[in-house]
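Chemist: sequence isn't available, so here's the structure alone:
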């Protein structure tokens, strides 16, 4: 068991609260997943690869991240 397992095993099935930084995130409230800001899909913490530190949002994948960027830039 590593540090990540200890953080998430305390709150199985619960949404985590994170602070997104540049290239890393900090767990503010332990949980198993976060919710994609675009699709509403649950993203397990171990699968989280895309987020915006500026907007403090998580994305399920590259497509959702691009979609959000385009929406905010008025290109969609």
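Modeler: Arrived safely, thanks for sending. As the structure is a prediction and not an experimental result, all values here were calculated from the model.
Chemist: next, residue 46: secondary structure please.
Modeler: helix (DSSP: H, G, I helix; E, B strand; the rest coil).
Chemist: tell me the secondary structure at the residue minimising distance to the centre of the chain.
Modeler: Central residue check for the chain by Cα atoms, centre = their mean: the C-alpha nearest the mean position is that of residue 58, 3.4 Å away. At residue 58 the chain is in strand, as set by three-state DSSP.
Chemist: which residue ranges of the chain form strands?
Modeler: 17-20, 25-29, 33-35, 42-44, 50-52, 57-59 (DSSP state E).
Chemist: point out the most buried one among those.
Modeler: strand 57-59 (a mean of 23; mean count of other Cβ atoms under 10 Å). (Glycine included, C-beta is placed from N, CA and C.)
Chemist: what mean pLDDT does stretch 32-49 have?
Modeler: Across stretch 32-49, the average pLDDT comes to 98.
Chemist: returning to that earlier point: so which of the strands of the chain gets nearest residue 72?
Modeler: Closest of the strands of the chain to residue 72 is strand 50-52, at 9.3 Å (criterion: Cβ to Cβ).
Chemist: for that closest one, packing partners?
Modeler: strand 17-20, strand 57-59, helix 62-73 (3 or more Cβ pairs under 8 Å, 6 or more residues apart in numbering; DSSP states H and E).
Chemist: reformat those as JSON lines; add distance to residue 32 and mean pLDDT.
Modeler: Below are those laid out as JSON lines (distance: least, Cβ to Cβ, whole Å; pLDDT from 0 to 100):
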{"stretch": "strand 17-20", "distance to residue 32": "12", "mean pLDDT": "98"}
{"stretch": "strand 57-59", "distance to residue 32": "13", "mean pLDDT": "98"}
{"stretch": "helix 62-73", "distance to residue 32": "19", "mean pLDDT": "94"}
